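Peer 1: the following comprises the amino acid sequence and a computationally predicted model.
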Amino acid sequence: MWRDRWFAVGVIGAALSCLVCLTPLAAVALGAIGLGAWSGHLDALLLPSLVLFIAVAVYRSRAVCRRAS
């Protein structure tokens, strides 16, 4: 099951999205490099990406389970 690349992309992307959703750290990092004005738009980008990656992982895991049975 771990050889399925789309499933791996979904799991890794969801994990990275969860880590990036630490918005205060992202706001500090953006402020440090001069892009602090963008910090208000982080949630509009990060939460949909989290949902997308979780959906990819669930879809591929179900597809692999259906193929196996």
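Peer 2: Received the coordinates, thanks. Here the structure is a predicted model, which is why all the values come from computation and not from measurement.

Peer 1: point to the helix or strand of the protein where mean pLDDT is at its lowest.
Peer 2: When each helix and strand of the chain is scored by mean pLDDT, DSSP states H and E, helix 23-32 comes last, with a mean of 75.

Peer 1: I'd like the next helix or strand past it.
Peer 2: helix 42-68 (DSSP states H and E).

Peer 1: may I see the buried residues of that next one?
Peer 2: Neighbour counts over helix 42-68 (16 or more other Cβ atoms under 10 Å) mark 42, 46, 50, 53, 54, 56, 57, 60, 61, 64 as buried. For the C-beta atoms, the positions are set from N, CA and C on the backbone; glycine is no exception.

Peer 1: and the furthest pair within those residues?
Peer 2: Largest separation among the buried residues of helix 42-68 by Cβ to Cβ: 42 and 64, giving 32.6 Å.

Peer 1: just the angle between the least confident helix or strand of the chain and helix 42-68, please?
Peer 2: Following axes from the mean of the first three to the mean of the last three Cα atoms, to 10 degrees, one obtains 130 degrees for the angle between helix 23-32 and helix 42-68.

Peer 1: circling back: between the buried residues of helix 42-68, which sits nearest residue 12?
Peer 2: Comparing the buried residues of helix 42-68 against residue 12 with Cβ to Cβ places residue 53 closest, at 8.0 Å.
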